[in-house]
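In: okay, sequence plus prediction incoming.
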Amino acid sequence: TSTLTLPRGRTLNLEKTVIMGILNVTPDSFSDGGQFLKPAEVLKRAMQLLDDGAQILDIGGESTRPGAPDVTLEEELARVIPVIRVIREQSDCIISIDTSKAQVMEQAILAGADIVNDVRALQEHRALEVVSQFEDVAICLMHMQGQPRSMQSAPHYDDLFADINTFFTRRIKACETAGIKLEQLILDPGFGFGKTLAHNYEILAKFDDFNKFDLPLLAGLSRKSMIGNLLNRDINERLAGSLAGALIAAQNGAKIIRVHDVKETADVLNVYQACTQGIL
Ligand SMILES: Cn1cnc2c(O)nc(N)nc21
């Protein structure tokens, strides 16, 4: 499908690859190591991401990187809800909430979020029930093997693609049983979430295989260890590798690319689209 249904009668055209800009509001993402970013600072960053070409802002209050500490419900709400509110006051942009907690999903949607981006694919308590009560909220179902604390200790699959596809089939069925429509769903194989370096590059190389579900696919590999470990680059030296990954994901059928470096990724995708969309 080339259109994603959104709340309030809006839709997102997916004929051209869409950029999801990462707006982290977790302490380990704060430059000054502060406890909370002031909403005004976050708003400035959000507007910059939109100016640079992001159509979706992904707001996350709990780091999902390997070994990340858990965050309480209260803390996560305190981080993300004020940010959603302040952005929604200023912009009609598409907002996605990066969370696995049902109550954060509920509050975020009520505050104006359009997409639930859940690295646990609505498997946590009451997540399915809560999301199914909102007409047309979009949901990204991401594959993860294990949990962030331990998922990278020894990832193993009997059959990588069969396992991921079985997971998607089961989660899609669970959503349909809960009354969620296929048009609301996005699928994502979850780069780095219980995968070895080899697994990650096999997924990237054969990304188009997941298009068998005829649902929009999301790719999120920006600045990840699959880039850093391959190239032996620190987190702030992974732009070129991330851009290469974004281009390959787009060429291999990804419709939404989740990135930190929006401006540069937009340039890469615009060059790619000039070749494929015949605009010249
Ligand atoms: C929150 N988050 C971190 N990495 C991600 C990825 O690859 N996909 C999605 N959907 N969310 C992610």
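Out: Great, that's in hand.
In: from here on, just use CA atoms for contacts and neighbour counts.
Out: Will do.
In: quick one: Arg238 from the ligand, how far?
Out: 15 Å (C-alpha to the nearest ligand atom, to the nearest Å).
In: so who does that residue touch?
Out: When contacts are counted by C-alpha atoms under 8 Å, 6 or more residues apart in numbering, Arg238 is found next to Ser222, Arg223, Ile227, Gly228.
In: next: Cys275.
Out: Neighbours of Cys275 in contact, by C-alpha under 8 Å, 6+ apart: none.
In: how about the nearest residue to whichever residue of the chain sits closest to the ligand, chain neighbours excluded?
Out: Nearest residue of the chain to the ligand (C-alpha to the nearest ligand atom) works out as Gly220 at 3.5 Å. Distance criterion C-alpha to C-alpha, 6 or more residues apart in numbering; nearest residue to Gly220, sequence neighbours excluded, is Arg258 at 4.7 Å.
In: before we move on, back to that, so of the contacts of Arg238, which ones are in helices?
Out: Among the contacts of Arg238, the residues falling in helices (DSSP state H) are Ile227, Gly228.
In: stretch 247-257 vs the ligand: in contact?
Out: No: contact of stretch 247-257 with the ligand (C-alpha under 6 Å from any ligand atom) is absent, the minimum separation being 8.7 Å.
In: what comes up buried for that stretch?
Out: Of all the residues in stretch 247-257, those buried under the rule 16 or more other C-alpha atoms under 10 Å are Leu247, Ala249, Ala250, Gln251, Asn252, Gly253, Ala254, Lys255, Ile256, Ile257.
In: the ligand contacts on the stretch 151-280 of the chain?
Out: With C-alpha under 6 Å from any ligand atom as the criterion, the stretch 151-280 of the chain meets the ligand at residues Asp188, Gly190, Phe191, Ala219, Gly220, Leu221.
In: the strand ranked longest in the chain pairs with which strands, parallel or anti?
Out: Ordering each strand of the chain by length in residues (DSSP state E) puts strand 18-24 first. Sheet pairing of strand 18-24 (DSSP bridges) gives strand 56-60 (parallel), strand 256-259 (parallel).
In: okay, those strands in JSON lines with distance to Asn236 next?
Out: As requested, the strands paired with strand 18-24 are arranged in JSON lines below (distance: least, C-alpha to C-alpha, whole Å):
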{"stretch": "strand 56-60", "distance to Asn236": "20"}
{"stretch": "strand 256-259", "distance to Asn236": "13"}
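In: so which of those comes closest to Val80?
Out: strand 56-60 (6.7 Å; C-alpha to C-alpha).
In: immediately after the closest one, which helix or strand?
Out: Helices and strands here follow DSSP states H and E; after strand 56-60, the next one along the chain is helix 73-90.
In: measure stretch 87-96 end to end?
Out: Using C-alpha to C-alpha, to the nearest Å, the span of stretch 87-96 from its first residue to its last is 12 Å.
In: determine how far the longest strand of the chain lies from the middle of the whole chain.
Out: Its chain's average C-alpha position is 8 Å from that of strand 18-24, according to C-alpha atoms, centre = their mean, to the nearest Å.
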